[in-house]
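Trainee: Below are the sequence and a predicted model for it; my questions follow.
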Amino acid sequence: MASTSHESILNTRVRMPWKHGPSSGFAGPLLLSYTEFTPDSLGDWPEIVRVAMRLRKLWPQLLGAVGMTLYLQPLRGRAGSLSAWESEEALRCFVGLPYHVQIMRKYRTRGDLRSASWRAERLDVSRALTHGLQALDGTRAQAPEGADG
């Protein structure tokens with residue numbers, strides 16, 4: 001029992017409120033993207049959190065962005081996000097932002113980056129978070145209702 005509660009504490013996630021983008025009223029279908037980064041060194045953790053929060057502040061200005069949430073797993077030194085987009089083009093524009101490119105160049109080789117993306121007819125944040133985590137862990141049996149997995 002002790003190891004189960006210990007694992008539960010280590011796996012605790014702190015999730016930021018949903019941040020609406022300029023396309024928050026977009027009816028769909030949506031492109032959902034789930035990303036997770038675990039640095040090799042916990043010394044990088046404070047900077048990664050700061051960078052993630054800065055990217056979050058940009059959200060209302062990103063064309064094609066429906067919304068996003070960040071999550072932090074402090075005891076694992078892990079950070080991640082779920083984002084919703086109008087299209088693959090909108091997501092590519094975000095990935096190509098100079099600030100994002102700079103961050104990726106700095107940290108890509110300094111930890112483990114995992115991501116998954118899929119299409120969904122509608123946004124259900126709780127289901128999408130579960131689906132994204134399962135996709136990364138290879139435990140996803142099928143796409144959630146409304147998703148085209």
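Mentor: Structure's in. What do you need?

Trainee: Residue ranges in the chain under the pLDDT threshold?
Mentor: For the chain, applying pLDDT under 70 flags the ranges 1-4, 139-149.

Trainee: And Y34, how far from L136?
Mentor: As for Y34, its distance to L136 is 7 Å (criterion: C-beta to C-beta, to the nearest Å). Every residue, glycine included, has its C-beta placed from N, CA and C.

Trainee: let me redo that: C93
Mentor: 24 Å.

Trainee: And L55, by the same measure?
Mentor: Counting by C-beta to C-beta, the gap from L55 to L136 is 19 Å.

Trainee: The two: which has the busier surroundings?
Mentor: L55 (19 against 16; other C-beta atoms under 10 Å).

Trainee: Name the nearest residue to that one, ignoring sequence neighbours.
Mentor: Distances taken as C-beta to C-beta, 6 or more residues apart in numbering place H100 nearest to L55, at 6.9 Å, with adjacent residues excluded.

Trainee: how deep is the one you found tucked in, by neighbour count?
Mentor: Per other C-beta under 10 Å, the neighbour tally for H100 reads 15.

Trainee: That one falls within a helix, correct?
Mentor: Yes: counting by DSSP: H, G, I helix; E, B strand; the rest coil, H100 is located in a helix.

Trainee: surely it meets F94?
Mentor: Yes: contact status for H100 versus F94: in contact at 6.5 Å, counting by C-beta atoms under 8 Å.

Trainee: beta partners for the residue nearest the centre of the chain?
Mentor: Central residue of the chain (C-alpha atoms, centre = their mean): S81, 1.7 Å from the mean position. Judged by DSSP bridges, the bridge partners of S81 are T35, L70.

Trainee: Surely it touches F37?
Mentor: No: counting by C-beta under 8 Å, F37 is not a contact partner of S81; they are 9.2 Å apart.

Trainee: Tell me who's in contact with H20.
Mentor: Residues counted as contacts of H20 (C-beta atoms under 8 Å, 6 or more residues apart in numbering) are 59-60, 66-67.

Trainee: Could you check which helix or strand contains I9?
Mentor: Secondary structure assignment for I9, by DSSP states H and E: helix 2-10.

Trainee: ditto for L136
Mentor: helix 125-137.
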